[in-house]
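Engineer: Kindly generate the corresponding structure for this input.
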Amino acid sequence: MKCSRDSLRLYAVTDRHWLGAKTLAQAVEEALRGGATMVQLREKDLPDDLFLAEALALKPLAARYGAPLIINDRVEVAMACGADGVHLGQDDADPRAVRLRLGPHKIIGVSAHNAAEAVAAERNGADYLGSGALFPTSTKDNADALPLNELKRIAAAVSIPVVGIGGITADNLPALKGTGLCGAAVVSALFAAPDIEASARRLRRLADKIFGV
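Structural biologist: Numbers count the residues shown, from 1 in each chain. The predicted model follows:
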């Protein structure tokens, strides 16, 4: 398996809009110091050249901490920066076509909102699934909350790891115990925090307690 369950324990998904004067690389390093285990570069409004520049800055940083760097959607950027893989939404490229471009050793994550999508994603070559939004979130205005019972069905339907995403905070993370998830993907609870490293450390402790069984 190219993507271990442990590597998804605390999955940092970037959003630079909360960072003020801090660079994205600085913020990501704080998250990694605090215990983030994987990083996804997800800056949907950046043009490709600036997105690639951010990816090139993050790749050696993530490697130094032993965390895979995943690129949201942009396969060309992933290839250009030597990222560890990509994450695809349901409306993005076909995982089978992406696998042909990236080769057998890269990680492909796919968003799944129900058990049928989860099974199809695994069949088409996904290495892990991201499922949500689990709680109300400002990151996706149109995202309806995914019921925890459906989350359990998704996790039970596949053999690949499933990580939860969407509105996850230190306060609601314990509600995910027993769902079959292997970790939490977090956006604002990290990058909107006044102390990113401290927030990551707290979330990692909780995630280890909830998912590390």
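
Engineer: And residue 190, which helix or strand is it part of?
Structural biologist: According to DSSP states H and E, residue 190 maps onto helix 188-191.

Engineer: in the helix or strand just after that helix, what's buried?
Structural biologist: Using DSSP H and E, the next helix or strand after helix 188-191 towards the C-terminus is helix 196-211. Neighbour-count burial for helix 196-211, counted by 16 or more other CB atoms under 10 Å, picks out 196-197, 199-204, 206-207, 210-211. All C-beta atoms are positioned from the backbone trio N, CA, C, and that covers glycine.

Engineer: Please, where are all the strands along the chain?
Structural biologist: 10-13, 38-41, 69-72, 85-88, 107-111, 128-131, 162-165, 183-186 (DSSP state E).

Engineer: Tell me the strands beside the longest one, with direction?
Structural biologist: Paired neighbours of strand 107-111 in the sheet (DSSP bridges): strand 85-88 (parallel), strand 128-131 (parallel).

Engineer: quick one, which of these is packed in tightest?
Structural biologist: Greatest average neighbour count among these goes to strand 128-131 (a mean of 27), per mean count of other CB atoms under 10 Å.

Engineer: quick one: contacts of that strand?
Structural biologist: With CB atoms under 8 Å, 6 or more residues apart in numbering as the test, strand 128-131 has contacts from 3, 8, 87, 107, 109-113, 118, 121-122, 146, 151, 154-155, 158, 160-165, 181, 185.

Engineer: now do 6 Å
Structural biologist: Contact with strand 128-131 is made by 3, 109-112, 118, 121, 151, 154, 160-165, 185, as judged by CB atoms under 6 Å, 6 or more residues apart in numbering.

Engineer: then that strand to PDB, C-alphas only?
Structural biologist: Extracted in PDB, the C-alpha atoms of strand 128-131 (Å, rounded to 0.1, in the frame of the first residue of the first chain):
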ATOM      1  CA  TYR A 128      -7.100   6.500   0.000                       C
ATOM      2  CA  LEU A 129     -10.400   8.300   0.300                       C
ATOM      3  CA  GLY A 130     -11.300  11.700   1.700                       C
ATOM      4  CA  SER A 131     -14.900  11.900   3.000                       C
END
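
Engineer: re earlier: with mean pLDDT as new columns, can the strands paired with strand 107-111 be given to me in a markdown table?
Structural biologist: Output for those, formatted as a markdown table (pLDDT from 0 to 100):
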| stretch | mean pLDDT |
| --- | --- |
| strand 85-88 | 98 |
| strand 128-131 | 98 |
